[in-house]
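A.B. asks: Here is my input; please provide its structure:
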Amino acid sequence: VMTGHWEFTYRDDEVIRNIGAFKGDFVAQNVKVREEALFDYRFADFAGFDEDAGLAFEPYVMKDVGGVKVAIIGQAFPYTPIANPQRFIPDWTFGIEDGRMQEIVDQVREDEKPALVVVLSHNGMDVDLKMASRVTGIDVIFGGHTHDGMPAPTLVENSGGKTLVTNAGSNGKFVGVMDLEVKDGKLSDFRYRLLPVFSNLIQPNAAMADYIAGVRAPYKAQLEEKLATAEELLYRRGNFNGTFDQVICDALLKVKEAQISLSPGFRWGTTVLPGQAITMDHVMDQTCITYPETYRREMSGADIKMILEDVCDNLFNPDPYVQHGGDM
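C.D. replies: Numbers count the residues shown, from 1 in each chain. Just a heads-up that it's a prediction; the model follows:
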């Protein structure tokens, strides 16, 4: 089961095709079709579309896990049209929509009678914590977006009981394992482990390794070309720019002949050790996004100040519902 974030930057028609090809369930209770688009909606035959509710995707899915009925509700990244170009998804609206989340939790509890209600979220940890304090009836929130590797879940109290909230890092660094014990049709206990993944100690899946090798084959020589040697640790992590971000910004200054360079805040990409060769692979995994164009333009000092303060506000606003995640 999955929900969405960067998937939406492939543009809406490809999102629909990808979900159709996905051997799993895509759920998102907080993505609606705009009212003006409903009259001539391009994806009206898509199985997940609910015309009456106006929802673009299935809001939840039921699973039998070890003989226990589990409802899994999806929460896609709520700020998709703000953090990414809205033109990619012109017919869909997003948002936290905790009011609708409460309605769906209540409806699922009433209609499906699950022993457990789980939310699969891409809100970010702080937003998940606030939502857990406002919405009742959720047993567990498995979250993402802010890349927090939480060694233990947070138990959030709300007017209807308690909700467990956890995030398991990013980039396959950890596997979060939550064992839930159900008694008398409801959650009675849990055990949680955040397991580090040591990829060099794990036997790769042979079919996937062969597939990746086949996809890379036409570009292998280009990708493995050695471009330079790292003089220091090149990395991205935390809320502020890392050394790899600085290399990118320095390159923008030089190539664009600019006085100031700004780069989007990302926290992914391979770390390169001092003395290690920097390859085209490394460049691609730091810069290869779905809208990678770079620009040079004139800006006033006031505009630059406004942009930086806006990004700061997205990250550090005291109200989690105003935070968008990402980096400076």
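A.B. asks: what about Asp25, distance to Gln107?
C.D. replies: Using C-beta to C-beta, to the nearest Å, we find Asp25 at a distance of 18 Å from Gln107. Quick note: C-beta positions are derived from backbone N, CA and C, even for glycine.
A.B. asks: Of the two, which one has the most company?
C.D. replies: Asp25 (19 against 13; other C-beta atoms under 10 Å).
A.B. asks: Neighbours of the closest residue in space to the more buried one that isn't next to it in sequence, how many?
C.D. replies: Excluding its sequence neighbours, the residue lying closest to Asp25 (C-beta to C-beta, 6 or more residues apart in numbering) is Val61, at 4.3 Å. Val61: 16 surrounding residues under other C-beta under 10 Å.
A.B. asks: these two touch, right, Val61 and Val27?
C.D. replies: Yes. Counting by C-beta atoms under 8 Å, Val61 does reach Val27; the two are 5.5 Å apart.
A.B. asks: joint contacts of the two?
C.D. replies: Val1, Ile72 (C-beta atoms under 8 Å, 6 or more residues apart in numbering).
A.B. asks: Okay, strands next: where are they in the stretch 151-300 of the chain?
C.D. replies: Along the stretch 151-300 of the chain, counting by DSSP state E, counting those that start in this stretch, strands occupy 154-158, 161-167, 174-183, 186-196, 226-229, 277-279.
A.B. asks: Packed most tightly, which of those strands would that be?
C.D. replies: Mean neighbour count (mean count of other C-beta atoms under 10 Å) peaks for strand 161-167 among the strands of the stretch 151-300 of the chain, with a mean of 21.
A.B. asks: would you say the residue nearest to Asp25 is within a helix?
C.D. replies: No. Using DSSP: H, G, I helix; E, B strand; the rest coil, the assignment for Val61 is strand, not a helix.
A.B. asks: confidence score at it?
C.D. replies: Val61 carries a pLDDT value of 98.
A.B. asks: cool, and Gly326?
C.D. replies: In this prediction Gly326 is given a pLDDT of 66.
A.B. asks: would you put the C-alpha positions of stretch 239-250 in CSV?
C.D. replies: Only the C-alpha atoms of stretch 239-250 are listed here, as CSV (Å, rounded to 0.1, in the frame of the first residue of the first chain):
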residue,chain,number,x,y,z
ASN,A,239,17.7,21.2,7.6
PHE,A,240,20.5,23.3,6.1
ASN,A,241,22.7,23.0,3.1
GLY,A,242,25.3,20.3,3.0
THR,A,243,28.6,20.3,1.2
PHE,A,244,27.1,18.7,-2.0
ASP,A,245,24.5,21.5,-2.1
GLN,A,246,27.4,24.0,-1.9
VAL,A,247,29.2,22.3,-4.9
ILE,A,248,25.9,22.6,-6.8
CYS,A,249,25.5,26.3,-5.9
ASP,A,250,29.1,27.1,-6.7
